[in-house]
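Enquirer: this one's sequence-less:
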Ligand SMILES: Cc1cc2nc3c(=O)[nH]c(=O)nc-3n(C[C@H](O)[C@H](O)[C@H](O)COP(=O)(O)O)c2cc1C
């Protein structure tokens, strides 16, 4: 690598100093087991940390609510039991010098009703999502209040696990569906 390559210089992101400008972006490898990031998931991210990235973004769309059914192996960020699994993952990545964040989402209509707990899919309107094809229930004010609280509770779980930050999925999922 050429000396002084800007990609390899540290980057300050609010509270966090990243060792360089390289990161892996959110994607769900479908390595979750029972919706949890267990050994395979941990090792997957540990390899990235060992490889030298400054930041590994875990999950693709970890779901914050029960009525965001995990349609592609999503991590269940609404469960307290995720905290120790993520703490182990974060600890090993930190030991290798990488920061760890997670992408949180509510899938809205971008899911199916017959996964997870078989709850109705909610969205801002009755429009059907072409890929997953559920007919959503229109989210009511009380649904949105509950979901907003779910986002906050999930963020607190991530903080309790020692993660360095969160990312909110803004494309195609509930927030974007408005
Ligand atoms: C299998 C797979 C799943 C992905 N899931 C997500 C996701 O859940 N959220 C997201 O923001 N991006 C997701 N992405 C997009 C990646 O984060 C990345 O932006 C994209 O793959 C382009 O980068 P690349 O050219 O290095 O592959 C996914 C990509 C792949 C290949």
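Expert: Thanks, I have it. All values reported here derive from a predicted model rather than from experimental measurement. Residues are numbered from 1 along each chain as shown.
Enquirer: so who does the residue of the chain found nearest the ligand touch?
Expert: Using C-beta to the nearest ligand atom, the closest approach of the chain to the ligand is made by residue 60 at 2.3 Å. Placement of C-beta: from N, CA and C, glycine included. Residues near residue 60 by C-beta atoms under 8 Å, 6 or more residues apart in numbering: 26-29, 72, 74, 103.
Enquirer: tell me the confidence at the residue nearest the centre of the chain?
Expert: In the chain, the centroid-proximal residue (C-alpha atoms, centre = their mean) is residue 103; its distance is 2.6 Å. For residue 103, the pLDDT comes out at 98.
Enquirer: just checking, what packs against the helix or strand hosting it?
Expert: Element membership of residue 103, judged by DSSP states H and E, is strand 99-105. Contacting strand 99-105 under the criterion 3 or more C-beta pairs under 8 Å, 6 or more residues apart in numbering; DSSP states H and E are the following elements: strand 55-63, helix 82-95, helix 141-160, strand 165-168.
Enquirer: and the third one, how far from the chain's centre?
Expert: In terms of C-alpha atoms, centre = their mean, to the nearest Å, the centre of helix 141-160 is found 13 Å from the chain centre.
Enquirer: hang on, the earlier thing: got the helices and strands packed on strand 99-105 as a markdown table, with distance to residue 45 columns?
Expert: Listed next are the helices and strands packed on strand 99-105 as a markdown table, based on distance: least, C-beta to C-beta, whole Å:
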| stretch | distance to residue 45 |
| --- | --- |
| strand 55-63 | 5 |
| helix 82-95 | 6 |
| helix 141-160 | 14 |
| strand 165-168 | 15 |
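Enquirer: of those, which is nearest residue 175?
Expert: Residue 175 lies closest, by C-beta to C-beta, to one member of these: strand 165-168, at 6.7 Å.
Enquirer: give me the residues contacting whatever helix or strand comes next after that closest one.
Expert: Downstream of strand 165-168, the next assigned helix or strand under DSSP H and E is helix 174-177. By C-beta under 8 Å, 6+ apart, the residues outside helix 174-177 that reach it are 68, 105-110, 122-125, 139, 147, 168-170.
Enquirer: mind listing what's buried in helix 174-177?
Expert: Neighbour-count burial for helix 174-177, counted by 16 or more other C-beta atoms under 10 Å, picks out 174-175, 177.
Enquirer: returning to that earlier point: most tightly surrounded among the helices and strands packed on strand 99-105?
Expert: Most buried of those, by mean neighbour count (mean count of other C-beta atoms under 10 Å): strand 55-63, with a mean of 26.
Enquirer: tilt between that one and helix 141-160?
Expert: Inter-element angle recorded for strand 55-63 and helix 141-160: 150 degrees (by axes from the mean of the first three to the mean of the last three C-alpha atoms, to 10 degrees).
Enquirer: could you pull up the mean pLDDT of strand 55-63?
Expert: 96.
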